[in-house]
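1. Task: produce atomic coordinates for the following.
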Amino acid sequence: MTERRVLPVLLLGYDDAWERLDRRLAGLGNAEYLWEPVTGTWTVRPRDDGSWSADWAEPEPDPAPVTTIAWRTWHLGSDCLADYLDRSPAGRPLPTAGRAWHGTAGAALADLRTAAAAFRAAMSDLGEDGMWQQLGPAWGPYAESTWAALLVHATDELAHHGAEIALLRDLYRWGPGRSPDDRAPGRSYTASR
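-> Presented below is the predicted three-dimensional model:
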């Protein structure tokens, strides 16, 4: 009987979600990164000390506010991927923690890429058997969940927030007052039948 391994399949899903998001982030500038499409949008904002911090409220408002690309990169990079590793043998791969994040697209994308690569490496390093280990007491109510379940959850985070980032980029490019020069170079924006 052939041995069936799940880790390569899980990593393939993660890689597909990450690579699609990373391609959609190419060419992201600071104005688009911080663009607030509606009133009350959550983003990252400068603090009095010159650092930047993500908007947050406990409990989270219902309905949840619209969030910027800046906020979403914080959520994915720091709040999800790096935070997951904080409670793993790999340890946190970023110097930022909590609500601290970046006011520029370049710094945010560098840390998001670092967190995505570190998370993938940590999952790969667990190996096939390690995937089925429980997360453990540091995970509180999720202690009995497996690393495989966390990898599936992380893939979902990348896919759904990646789709939201892609939509925000499309809306920004087609927004009022923007010229065709503001749109992504090399892409066709004509409708086809």
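
2. Just to check, residue 84 is in contact with residue 150?
-> Yes. Using Cβ atoms under 8 Å, residue 84 is in contact with residue 150, at 6.3 Å. Where you see a C-beta, it was placed from the backbone N, CA and C, and this is true even at glycine.

3. These two: which has the busier surroundings?
-> Ranked by neighbour count (other Cβ atoms under 10 Å), residue 84 and residue 150 place residue 84 first, with 24 against 20.

4. For my notes, confirm that one occurs in a strand.
-> No. Residue 84 is assigned helix when assessed by DSSP: H, G, I helix; E, B strand; the rest coil, not a strand.

5. Now do it, the pLDDT please.
-> Per-residue pLDDT puts residue 84 at 95.

6. In contact with it, which residues are there?
-> 119, 150, 154 (Cβ atoms under 8 Å, 6 or more residues apart in numbering).

7. quick one: low-confidence ranges for this protein?
-> 1-2, 179-193 (pLDDT under 70).

8. Strands along that one, start to end?
-> 44-46, 52-54, 100-101 (DSSP state E).

9. Export the ones you listed as TSV, with columns for mean neighbour count and distance to residue 79.
-> Converted to TSV, the strands of the chain look like this (neighbours: other Cβ atoms under 10 Å; distance: least, Cβ to Cβ, whole Å):
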stretch	mean neighbour count	distance to residue 79
strand 44-46	17	12
strand 52-54	21	8
strand 100-101	22	9
